[in-house]
Structure formats: structure tokens, C-alpha cells
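Asker: just the structure for this:
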Amino acid sequence: MPELSARLLDVLKETLECEERICCLMEQHKKLLIAGREVTAESILDEIQQLCSSVSASESRRETVVREIAEVEGLDPTELTANKLLELPSLLSIREELASVTTRLRQVVKGIVQLRDEIEALALHAKAYSDFVLSVLQQNAQTKPYGSVTLPYSRFISVRT
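Answerer: Below is the predicted model of the structure:
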């Protein structure tokens, strides 16, 4: 069991590192959006995508380790949560570190969700603004054609002739 608990802790720490990096990159992305430098953010988005793939891979390894722990303990792996893992006597040696890592993971995920929401709001605001600008330009183009004179009776005067 010590090998399984060490593997679990290693996988959770690896996941935490990736998610903390994702959080930092999302913060940078948000700042670039605010500064209007979306083009520069492409490399950040690529790195986030790679990190997300790493998180998915670690999540698969975590599920495997949890299944193995459940098998050794005679428990149903689908009901084995982080809190239940902390209660297992066989994981007593890593309980504090496991609690610390899982708490930090929760905090980082909350931060990622918050940043996602903020970035989404910024994107929606930018889209609404550009839609407004395009609408105004379109209205102006329809009501004031280029070349018309804006004098009284100007509809009778054509600049093109």
C-alpha cells in the first residue's frame, strides 16, 4: 500500500503543477485580452491545450491508482472520494500531504473557473462592442450614402453628375 499511496500523491502533485501553470497562463491571457493583444495570446492558448492534455493523462493515472487502492481496501472505486481517501488507515502516512494537495487542487480549479468566466465576459463584451460599431457603421452607410450632400433638399442634388 505504501507504493500505491506514493503513486497517488505523485499523480496529484503532477496534476496540481499543470493546473497551477494553466491558471497562470489564463491570467496572462486575460491581461492580453484587456490590452487588446489577442494575437499574442495564441502561444499561450497552445500551451494551455498541451497542459490540459497532461492533466487528462494524469487524471487517467489517478483513476487507475484509486481503483487499485479500492481493490486493496475492498471498496467501490466509484464511491471513493478525496475525503474518504483521507479517512483510510492505510493512507495515514500521507494524510497531511494528501489533504494539502487536494485542498490546493480545489482552490486552483476554482481559480481556473473564475478566470474562464472573466475571460468569457471580456470576450462577450468585446463582441457586443464590435457588433455595436458594425451596426452603427451599417446604419450610417444606409442612411447617408457616400457622395450625398447633407444640405436641405440634398436628395435632389447628386454629386456624381
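Asker: Glu68 versus the spatially most central residue of the chain, what's the distance?
Answerer: For the chain, Arg116 is the residue whose C-alpha lies nearest the centre (C-alpha atoms, centre = their mean; 4.6 Å). From Arg116 across to Glu68, the span is 33 Å (C-beta to C-beta, to the nearest Å). C-betas here are computed from N, CA, C, even on glycine.
Asker: swap in Glu47?
Answerer: From Glu47 to Glu68 the distance is 32 Å (C-beta to C-beta).
Asker: next one: Pro2
Answerer: Pro2 is 13 Å from Glu68, by C-beta to C-beta.
Asker: Glu120 now?
Answerer: Distance from Glu120 to Glu68, by C-beta to C-beta: 38 Å.
Asker: burial measure for the closest residue to Leu122 other than its chain neighbours, as a count.
Answerer: Leaving out its chain neighbours, the residue that sits closest to Leu122 by C-beta to C-beta, 6 or more residues apart in numbering is Leu33, at 5.0 Å. Neighbour count for Leu33, taken as other C-beta atoms under 10 Å: 17.
Asker: what does Val11 give?
Answerer: The number of residues near Val11, taken as other C-beta under 10 Å, comes to 21.
Asker: which of the residues in stretch 84-104 are buried?
Answerer: For stretch 84-104, burial by neighbour count (16 or more other C-beta atoms under 10 Å) applies to 85, 88, 91, 94, 98, 101-102.
Asker: export those residues to a markdown table and tack on pLDDT and distance to Glu17?
Answerer: As requested, the buried residues of stretch 84-104 are exported to a markdown table (pLDDT from 0 to 100; distance: C-beta to C-beta, whole Å):
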| residue | pLDDT | distance to Glu17 |
| --- | --- | --- |
| Leu85 | 86 | 20 |
| Leu88 | 86 | 24 |
| Leu91 | 83 | 21 |
| Ile94 | 88 | 17 |
| Leu98 | 91 | 16 |
| Val101 | 95 | 10 |
| Thr102 | 93 | 14 |
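Asker: mind checking which of these are in helices?
Answerer: Using DSSP state H to define helices, the subset of the buried residues of stretch 84-104 located there is 85, 98, 101-102.
Asker: quick one: low-confidence ranges for this structure?
Answerer: 38-39, 141-161 (pLDDT under 70).
Asker: in contact with Glu96, which residues?
Answerer: Neighbour list for Glu96: empty [criterion: C-beta atoms under 8 Å, 6 or more residues apart in numbering].
Asker: that one: which element?
Answerer: helix 95-143 (DSSP states H and E).
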